[in-house]
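Chemist: fold the following.
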Amino acid sequence: MPNYVSIRDISNDKVPVGMLQLAGWIRTHRQSKRVSFIELSDGTSVSNLQLVVDPQLAGYADIAPKLATGASIKVSGELVLSPAKGQKYEFQVKELELLGEADPESYPLQKKGHSLEFLREQLHLRPRTATMGAVLRVRSAAAFAVNKFFTERGFFYIHTPIISTSDCEGAGEMFHVSTFDPENPPRVNGKVDFSQDFFKEPASLTVSGQLEGEICAMGLSKIYTFGPTFRAENSNTTRHLAEFWMIEPEMAFYELQDNMLLAQEFVQDVLKQVLESSASELEFLASQEWAQQGHLENLRRVAETPFETMDYTDAIRILEESGKTFEYPVKWGIDLQSEHERFLTDEYVKGPVTVINYPKDIKAFYMRLNEDGKTVRAMDVLVPRLGEIVGGSQREERHDVLLEKIRAMGLDERSYWWYLELRKFGTVPHSGFGLGFERLLMYLTGMTNIRDVIGFPRFPGFAKF
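Modeler: Below is the predicted model:
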């Protein structure tokens, strides 16, 4: 194992001054007759480390022309306290080896700043940039925070199938999985004969692990899934991806109130963990020209502010009486849009709020029907500046009611036979929620396009790498 020290550990004062080895990529190289300076990045920190090179160093003159931006090197030398302002340490190079060249004429990432749009065209090099490096480190820290939150509360981590034969959302926007020749599939009476396909029935990439998660919760009490999901929705927006990661806990014996409190605790705990573990990354991202003013202060407030609870019917009344003209008109029965949600959080409550008891006609078939017959025990957790960050519900545990809802929505009940049987054999009240990981990352980092919080975005017309 190489004995390289990370720049992150140096920046965090975890490495004593003295003789060390480093490796990384050159950000800048400035030469003069008396001394040369190299700004080195190894991707572990928002900080670079300044290397000080004596031009008389053995072998330096031969490779100096090749020490361009993007080239990789390894060095040995001494870490010392820096006499220069603005940096605590510098590194006095004793040995320097060029590992990989980067031709200045063809290397796309030069010293100048690059737009986020340009960087999306350079996905293979984008992680080397300060911005994407910070985002990916925040992503790693947030993933750790998610797993830590649930593990500490007795949840079991479950891997649900990527290939599924059920449409959890009932919307039909699924990527189909087949080994058939798309131009000549076998047919019987004019219809594709899936009995000859690999799985012997229609199969798709999953849109959610929820239904399978419910199966596991009915045996393990508290589980969570954290994995990729897929939507064949032709939405070319800054908030949609065709492949994204979902966090979906499912809990037996939890009713709506229990579910709501867990979701609120989850949001606040993850914010607190990442604010602490990725402080330098978040501060760097908040300093960028595209960042919204007061971003970090908003995150800290949400992490500490108690969440209010509001009934959907009350939310509609508040919106109607607000005197504001919304792009999407407000009336009972609509699904709240982002502009409505942000009014409730930013202007009315002035903080996070959970809206509950939505009309049944705008929610999924698996949500528990309330006694009024018009609403379901659904919840959306809303946060300032974003709107919805978590969506969930108490699940319908009554067999006959669930069967009637499946039929009313025109779904094939034969595809949900196993889901219905959960309600026949030891059914219990149970609840769960879902949170899109990339949506959470947008909120944490302040990035305005969801394609910039995932390493390899997939969206309509784009599936490179």
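Chemist: so where's the stretch 201-350 of the chain shaky on pLDDT?
Modeler: Low-confidence regions of the stretch 201-350 of the chain, defined by pLDDT under 70, are absent; no residue qualifies.
Chemist: mind listing the helices for it?
Modeler: In the stretch 201-350 of the chain, the helices defined using DSSP state H, counting those that start in this stretch lie at 210-220, 256-277, 279-286, 295-304, 312-320, 338-342.
Chemist: ok now the very next helix or strand once past the shortest one, how far from the chain's centre?
Modeler: Tracing the chain C-terminally past helix 338-342 and defining elements by DSSP states H and E, one meets strand 353-359 next. The chain centroid and the centroid of strand 353-359 are separated by 24 Å, computed with C-alpha atoms, centre = their mean, to the nearest Å.
Chemist: what's the mean pLDDT across strand 353-359?
Modeler: Confidence over strand 353-359, taken as the mean pLDDT, stands at 98.
Chemist: got it, and stretch 47-57?
Modeler: So the average pLDDT for stretch 47-57 ends up being 96.
Chemist: return the distance of it from the chain's centre.
Modeler: Using C-alpha atoms, centre = their mean, the distance between the centre of stretch 47-57 and that of its chain works out at 37 Å.
Chemist: which among the helices of the stretch 201-350 of the chain is found nearest to residue 125?
Modeler: Using C-beta to C-beta as the measure, helix 279-286 is the one of the helices of the stretch 201-350 of the chain that comes nearest residue 125, at 19.1 Å. C-betas here are computed from N, CA, C, even on glycine.
Chemist: what's the closest one in contact with?
Modeler: Residues lying outside helix 279-286 but in contact with it, judged by C-beta atoms under 8 Å, 6 or more residues apart in numbering, are 11, 45-47, 130-131, 134-135, 137-138, 141, 274-275, 291, 295-296, 299, 444-447.
Chemist: and of the helices of the stretch 201-350 of the chain, who's closest to residue 426?
Modeler: Of all the helices of the stretch 201-350 of the chain, the one in closest proximity to residue 426, counting by C-beta to C-beta, is helix 210-220 (7.3 Å).
Chemist: for the closest one, which positions count as buried?
Modeler: Judged by neighbour count using 16 or more other C-beta atoms under 10 Å, the buried positions of helix 210-220 are 210-218.
Chemist: buried stuff in stretch 58-74?
Modeler: For stretch 58-74, a neighbour-count test (16+ other C-beta under 10 Å) marks 60, 64, 66-74 as buried.
Chemist: neighbouring contacts of it?
Modeler: Everything outside stretch 58-74 that qualifies as a contact, by C-beta under 8 Å, 6+ apart, is 4, 21-29, 31, 36, 38, 40, 53-55, 96-104, 107, 109-111, 128.
Chemist: buried subset of these?
Modeler: Neighbour counting with 16+ other C-beta under 10 Å marks 22-27, 29, 36, 38, 40, 53, 96, 98, 102, 109, 128 as buried within the contacts of stretch 58-74.
Chemist: just these: which are in helices?
Modeler: Members of the buried ones among the contacts of stretch 58-74 lying in helices (criterion: DSSP state H): none.
Chemist: can you tell me which of these are in strands?
Modeler: Counting by DSSP state E, the members of the buried ones among the contacts of stretch 58-74 that fall within strands are 22-27, 29, 36, 38, 40, 53, 96, 98.
Chemist: tell me which two of the residues you listed sit farthest apart.
Modeler: Maximum pairwise distance in those, criterion C-beta to C-beta, is 18.3 Å, between 23 and 36.
Chemist: thinking again about what came up before, hmm, which of the buried ones among the contacts of stretch 58-74 is lowest in pLDDT?
Modeler: Within the buried ones among the contacts of stretch 58-74, the minimum per-residue pLDDT falls on residue 109 (93).
Chemist: once you drop chain neighbours, what's closest to that residue?
Modeler: Across the structure, with C-beta to C-beta, 6 or more residues apart in numbering as the measure, the residue nearest residue 109 apart from its sequence neighbours is residue 125 (5.5 Å).
Chemist: repeat for residue 269
Modeler: What sits nearest to residue 269 in space, not counting adjacent residues and going by C-beta to C-beta, 6+ apart, is residue 149, at 5.1 Å.
Chemist: before we move on, back to that, columns distance to residue 264 on top of the buried residues of helix 210-220, output as JSON lines?
Modeler: Formatted as JSON lines, the entries for those read as follows, by distance: C-beta to C-beta, whole Å:
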{"residue": "210", "distance to residue 264": "20"}
{"residue": "211", "distance to residue 264": "24"}
{"residue": "212", "distance to residue 264": "25"}
{"residue": "213", "distance to residue 264": "20"}
{"residue": "214", "distance to residue 264": "22"}
{"residue": "215", "distance to residue 264": "26"}
{"residue": "216", "distance to residue 264": "24"}
{"residue": "217", "distance to residue 264": "20"}
{"residue": "218", "distance to residue 264": "25"}
